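*Asks:* Let's see this in three dimensions:
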Amino acid sequence: MEIVQLYSLTEAQVRDVQALMGELVPGMEVATEALERVVKAPGTHFFAAVDEAGRIAGCATLCVFETPTGRKAHVEDVVVSPACRGQHIGKRLLEHVIAFARRALGDVDLHLTSQPHRAAANTLYRSVGFVRRETNVYKLGIRASKENL
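*Replies:* This next block holds a predicted model:
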């Protein structure tokens with residue numbers, strides 16, 4: 001298993017990532033075009049645990065952005081296939097993301113969120129150096145409608 005940054009996806013890899021996203025959010029369907037935008041977007045780094053056959057067993061996305069208070073990066077969509085859990089792939093993915101950030105981004109604060117009931121994930125994040133912050137996370141979903149186009 002190798003951790004790599006992907007800039008394009010094969011059709012089989014698209015299916016692998018779509019299945020992984022369904023693990024994060026049951027019933028979620030991610031369009032091929034959306035995944036293509038992710039791997040090509042400036043400031044977005046898509047990392048995958050790829051086996052010898054080119055199949056994706058896990059992934060993590062690092063989104064980098066500048067703010068007046070400094071450069072920040074958000075780790076998103078960390079997930080490992082159920083068939084591959086227990087092999088420390090999630091830890092290897094996060095260690096790779098952290099090493100990339102140290103090497104390529106300079107001064108940066110890495111952030112991630114995780115639901116409290118995801119005990120294994122929260123333990124993993126702490127084990128690689130993330131510290132839990134006391135904060136509120138808010139969300140406002142804005143969706144395109146025909147009137148806005």
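*Asks:* For the chain, give me the ranges with low pLDDT.
*Replies:* Applying pLDDT under 70 to the chain flags residues 146-149.
*Asks:* Tell me which stretches of it form helices.
*Replies:* Ranges of helices in the chain, per DSSP state H, are 11-24, 32-40, 89-104, 119-127.
*Asks:* Just put those helices in CSV and tack on mean neighbour count and distance to Asp77.
*Replies:* Just so you know, the C-beta spots here come from the backbone N, C-alpha and C atoms, and that holds for glycine as well. Listed next are these as CSV, based on neighbours: other CB atoms under 10 Å; distance: least, CB to CB, whole Å:
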stretch, mean neighbour count, distance to Asp77
helix 11-24, 16, 6
helix 32-40, 14, 9
helix 89-104, 17, 11
helix 119-127, 14, 12
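*Asks:* so which of the ones you listed gets nearest Ala53?
*Replies:* helix 11-24 (8.7 Å; CB to CB).
*Asks:* Tell me the spacing between Val4 and Phe47.
*Replies:* 7 Å (CB to CB, to the nearest Å).
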